[in-house]
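A.B. asks: Compute the structure for the input listed below.
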Amino acid sequence: MGRAFTAMTSDGNLHTVLRDAVDRATDAIVIYGKDGNVLFCNRRFRDLYRYPEEFCSEDKTIVDLIRHDLQTGIVDPDQTSYMRNLDRETGEVSDGEPYSSYFLELTDGTQLHISEYELDDGSLVSIQRDVTDLKSQEKEARWNAELFRSAFNMNASICSLTEMETGRFLDVNQNWLKTIGFERSEVVGMTADELGLWAGHGGRDIFMQQIRENPKLRDFRTTVLGKEGQNIDIIMNSEVLEIDGLQYLYISCWDITEKLKTETELSLSRERLSDFNNISSDWYWETDCLLRYTYISPNVEETSGISPKDYLGSTVADVLGASGRNQAALRNIFGLMTDKKPFREHVVYRFNTKTGEKRWMRVSGLPFYDEHGRFAGYRGCTADVTDQVKLQERIKESQKLEAVGKLTGGVAHDFNNMLAVIQGNAEMVLEAIEQSHPELVNNLKAIMRASDRGATLTENMLAFSRIQQLDPKVVDLDQFVKAELETIRETMGADITIRTECDRQLWPCSVDAKKLENALINICLNAKDAMPEGGTLTLEARNMEVDETYALMEKEVEPGKYVSLIISDTGCGISPEKLHHVVEPFYTTKDMGSGAGLGLSMVYGFARQSKGNFSIYSEEGIGTTVRLLLPVAESVGATQGETQAVQD
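C.D. replies: Down below sits the predicted model:
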């Protein structure tokens with residue numbers, strides 16, 4: 001080329017045009033002689049390597065250029081061996097291949113593709129093209145391709161790419177191979193029909209028809225066959241892609257085979273549970289970790305009077321209300337649930353919200369946990385055992401009555417014999433001394449009155465067993481209390497102040513007045529013993545309407561209208577341990593020989609037999625309060641009035 005380049009000088013115009021064209025070329029061009037000197041370089045070459053304007057002259061060699069490159073840092077030292085046939089010592093170009101092509105990266109990041117041509121005379125033409133953008137695009141393309149490949153293979157869905165026209169698989173991902181059961185080499189280039197993927201029910205035709213109508217098909221549900229012939233239920237999303245005028249089909253699927261099995265099993269379980277609920281008289285329930293109901297059987301409404309939907313979202317305590325706060329058994333259950341412990345066959349009660357009926361239930365519960373071992377809630381069952389509880393109570397009551405009846409019969413027989421002797425002799429002595437010793441008449445009459453009370457006490461011994469003969473009448477409790485005041489004053493003594501408080505328009509009650517008198521005297525005697533140094537005895541008569549909340553707090557009392565007779569003292573009080581036993585027969589807090597232990601038990605029996613209730617509250621050092629609830633006469637419709645207070 002050196003000779004050719006020289007020859008061109010004979011035609012000045014052509015030389016000028018060619019030289020100017022080469023000088024303005026976008027590629028860097030340099031020509032080296034056989035001895036390595038620079039014969040020619042264009043402007044782009046000088047700019048690329050940042051050579052001074054007059055630096056690349058014929059007196060410069062390739063070695064000079066390389067040294068300059070190293071000094072300016074434009075080329076890395078490890079890159080200076082790019083001249084494959086350059087003698088680094090002499091600067092001469094040795095014989096070699098007539099053409100070579102390679103890449104060179106400058107330190108500023110510029111990527112060059114260098115093509116070298118060796119001419120016949122040994123000179124070398126080097127054309128260097130800046131391919132930085134091209135390399136960047138190639139790198140980005142490689143990165144995108146690798147990213148797509150990774151995402152395609154790592155996708156949890158079942159993915160495939162096929163030719164739209166032929167249906168042949170271009171690629172499938174790992175999950176496709178794992179689910180369907182083929183190797184990739186068995187799939188690529190084949191069609192779904194050739195692999196026998198469609199289950200033969202026309203699913204492919206339906207799918208292709210829909211994909212033609214909608215290139216972006218979503219949630220298409222069908223069944224395909226695996227390599228071993230197993231049915232695989234899938235949901236498909238597909239999209240038609242158009243690239244360079246050709247159409248491709250991208251499909252992403254989810255295997256729902258196990259999900260459908262689970263749904264089928266869950267449906268069967270629900271049917272079983274529904275059948276169990278419908279046939280069972282018990283009901284089943286479930287709570288979450290905050291003890292809020294998430295499920296309860298429909299038949300719960302029959303006992304509780306509350307619709308099942310009203311349970312959901314409410315806690316156990318919310319639904320049970322006062323019943324949960326006041327029952328020891330329920331409080332025990334709440335404690336076990338708080339501690340996440342199981343409980344079995346605990347018997348509790350509640351009231352039907354519609355009828356007010358008291359219902360007894362047997363409850364069992366078991367905590368359950370999620371897959372991470374965290375407490376998830378309770379599952380349990382409840383049975384209405386009202387009939388069983390009532391039967392047990394009747395059996396127990398019958399046994400108690402039988403035992404007390406035998407005891408009462410024996411005691412009453414002996415006691416009546418003693419009273420007959422006392423009464424007979426007292427009458428004889430009274431006749432004998434009535435004229436001669438009138439000062440003793442009152443004493444004898446006191447003895448006779450005491451024996452009469454003894455006879456009455458004998459009758460009251462039957463009260464605890466509730467088999468005494470009662471003669472209920474309509475009684476005005478206000479007038480009754482006033483009539484008994486004189487007897488009560490004599491009983492209590494001068495050191496005890498007696499106060500009475502009665503509601504105005506007090507409702508008449510239905511009660512055996514004689515038995516009520518005995519009960520009142522018994523309570524007052526206990527109050528007197530509790531106040532040996534004096535104190536205050538308060539008698540109150542109040543109208544009282546018992547609602548469900550109060551009924552929950554007091555055992556064996558039904559909601560309704562009552563007249564309440566309240567006797568309070570300011571005595572020494574009773575300890576909680578003893579208070580629990582005070583209505584038991586023959587139990588007494590008094591010293592030996594000071595009481596028979598029948599007083600409060602007979603009062604309790606009398607109140608219960610009168611269809612009322614007995615309750616007692618006491619605090620040591622403060623006093624004791626006894627409340628008798630007596631049923632209102634059936635014809636009464638009065639309202640509660642104001643209170644009047646009388647102090648003796």
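
A.B. asks: Does residue 626 touch residue 571 like I think?
C.D. replies: No. Residue 626 lies out of contact with residue 571 (CB atoms under 8 Å); the separation is 11.8 Å. Glycine gets a C-beta too; all of them are placed from N, C-alpha and C.

A.B. asks: Residue 162 bridge partners, please.
C.D. replies: Taking DSSP bridges as the rule, residue 162 bridges to residue 169, residue 249.

A.B. asks: and it, how many neighbours does it have?
C.D. replies: 20 (other CB atoms under 10 Å).

A.B. asks: dump the residue contacts of it.
C.D. replies: Residue 162 sits next to 168-170, 191-192, 248-249, 251 when contact means CB atoms under 8 Å, 6 or more residues apart in numbering.

A.B. asks: try 7 Å
C.D. replies: 168-170, 248-249 (CB atoms under 7 Å, 6 or more residues apart in numbering).

A.B. asks: list the contacts for the closest residue to residue 110 other than its chain neighbours?
C.D. replies: Computed as CB to CB, 6 or more residues apart in numbering, the closest residue to residue 110 that is not its neighbour in sequence is residue 132, at 5.4 Å. Taking CB under 7 Å, 6+ apart as the definition of contact, the neighbours of residue 132 are 109-111.

A.B. asks: Which of those are buried, as a PyMOL select command?
C.D. replies: Entered in PyMOL, the line below selects the buried ones among the contacts of residue 132, by 16 or more other CB atoms under 10 Å:
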select buried, resi 111
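
A.B. asks: mind listing which of the contacts of residue 132 are in strands?
C.D. replies: Using DSSP state E, residue 111 are the members of the contacts of residue 132 that sit in strands.

A.B. asks: and of the contacts of residue 132, the nearest to residue 432?
C.D. replies: residue 109 (146.2 Å; CB to CB).

A.B. asks: any idea how far the closest one is from residue 43?
C.D. replies: 21 Å (CB to CB, to the nearest Å).

A.B. asks: go on, residue 610?
C.D. replies: 127 Å.

A.B. asks: quick revisit: closest one of the contacts of residue 162 to residue 207?
C.D. replies: residue 249 (10.1 Å).

A.B. asks: Contacts only, for that closest one.
C.D. replies: With CB under 7 Å, 6+ apart, residue 249 has these contacts: 162, 164, 238, 240.

A.B. asks: State the number of residues packed around the second one.
C.D. replies: Yep, that's residue 164 we're talking about. Residue 164: 17 neighbours (other CB under 10 Å).

A.B. asks: you'd agree it is up against residue 250?
C.D. replies: No. When contacts are counted by CB atoms under 7 Å, residue 164 is not listed as touching residue 250 (10.1 Å).

A.B. asks: Could you list the low-confidence segments of the stretch 401-550 of the chain?
C.D. replies: 401-413, 416, 456-469 (pLDDT under 70).

A.B. asks: circling back: what about the residue nearest to residue 110, distance to residue 483?
C.D. replies: 122 Å.

A.B. asks: same deal with residue 358?
C.D. replies: 36 Å.

A.B. asks: Need the phi and psi values for residue 420.
C.D. replies: The phi/psi pair for residue 420 (degrees, to the nearest 10) reads phi -60, psi -40.

A.B. asks: For residue 607, give me its contacts.
C.D. replies: Counting by CB under 7 Å, 6+ apart, residue 607 has contacts 613-614, 628.

A.B. asks: re the thing from before, mind putting the contacts of residue 132 into a markdown table with pLDDT?
C.D. replies: Output for the contacts of residue 132, formatted as a markdown table (pLDDT from 0 to 100):
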| residue | pLDDT |
| --- | --- |
| 109 | 85 |
| 110 | 88 |
| 111 | 88 |
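
A.B. asks: so which of the contacts of residue 132 comes closest to residue 606?
C.D. replies: residue 109 (109.9 Å).

A.B. asks: ok, of the contacts of residue 132, which one's closest to residue 529?
C.D. replies: Closest to residue 529, out of all of the contacts of residue 132 and judged by CB to CB, is residue 109, at 110.9 Å.

A.B. asks: With adjacent residues omitted, what lies nearest to the closest one?
C.D. replies: residue 132 is the one closest to residue 109 (CB to CB, 6+ apart), at 6.9 Å.

A.B. asks: Can you give me the distance of that neighbour to residue 111?
C.D. replies: 4 Å.

A.B. asks: Below-threshold pLDDT in the stretch 1-150 of the chain: ranges please.
C.D. replies: 1-15, 79-99.

A.B. asks: Could I get the full set of strands for it?
C.D. replies: 28-32, 38-41, 99-105, 111-118, 124-130 (DSSP state E, counting those that start in this stretch).

A.B. asks: what's the last one packed up against?
C.D. replies: For strand 124-130, the elements it packs on are strand 28-32, strand 111-118, judged by 3 or more CB pairs under 7 Å, 6 or more residues apart in numbering; DSSP states H and E.

A.B. asks: Show residues contacting that strand.
C.D. replies: The set of residues external to strand 124-130 that reach it, using CB under 7 Å, 6+ apart, is 1, 27-32, 45, 48, 93, 110, 112-119.

A.B. asks: Filter those residues down to the buried ones.
C.D. replies: Going by neighbour count (16+ other CB under 10 Å), those have 1, 27-32, 45, 48, 93, 112-114, 116, 118 buried.

A.B. asks: Return the member of these nearest to residue 532.
C.D. replies: For these, the nearest to residue 532 is residue 112 (121.6 Å; CB to CB).

A.B. asks: So that closest one versus residue 565, what's the distance?
C.D. replies: Counting by CB to CB, the gap from residue 112 to residue 565 is 116 Å.

A.B. asks: can you check residue 487 too?
C.D. replies: 15 Å.

A.B. asks: coming back round to it: who's more crowded, residue 358 and residue 483?
C.D. replies: Counted by other CB under 10 Å, residue 358 and residue 483 do not tie: residue 358 has more neighbours, with 21 against 12.

A.B. asks: And the contacts of residue 249, which is closest to residue 559?
C.D. replies: residue 238 (68.8 Å).

A.B. asks: of all the contacts of residue 249, which comes closest to residue 497?
C.D. replies: Among those, and counting by CB to CB, the member closest to residue 497 is residue 238, at 98.1 Å.

A.B. asks: I'd say that closest one and residue 248 touch.
C.D. replies: No. Counting by CB under 7 Å, residue 238 stays clear of residue 248, with 10.8 Å between them.

A.B. asks: who has more neighbours, these two?
C.D. replies: residue 238 (20 against 15).

A.B. asks: what sits against the more buried one?
C.D. replies: 211, 217, 249-251.

A.B. asks: and it, bridged to which residues?
C.D. replies: With DSSP bridges as the rule, residue 238 is bridged to residue 217, residue 251.

A.B. asks: Now do it against residue 218, distance only.
C.D. replies: 8 Å.

A.B. asks: got it, and residue 345?
C.D. replies: 54 Å.

A.B. asks: Pipe the helices and strands packed on strand 124-130 into a markdown table and attach distance to residue 69 per row.
C.D. replies: Shown next, in a markdown table, are those (distance: least, CB to CB, whole Å):
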| stretch | distance to residue 69 |
| --- | --- |
| strand 28-32 | 12 |
| strand 111-118 | 12 |
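
A.B. asks: Look up the pLDDT of the most centrally placed residue in the chain for me, please.
C.D. replies: Nearest to the mean C-alpha position of the chain, by CA atoms, centre = their mean, lies residue 288 at 2.9 Å. Residue 288 carries a pLDDT value of 93.

A.B. asks: That one reaches residue 294, doesn't it?
C.D. replies: Yes. The pair residue 288 / residue 294 is scored as a contact, 5.4 Å apart, by CB under 7 Å.
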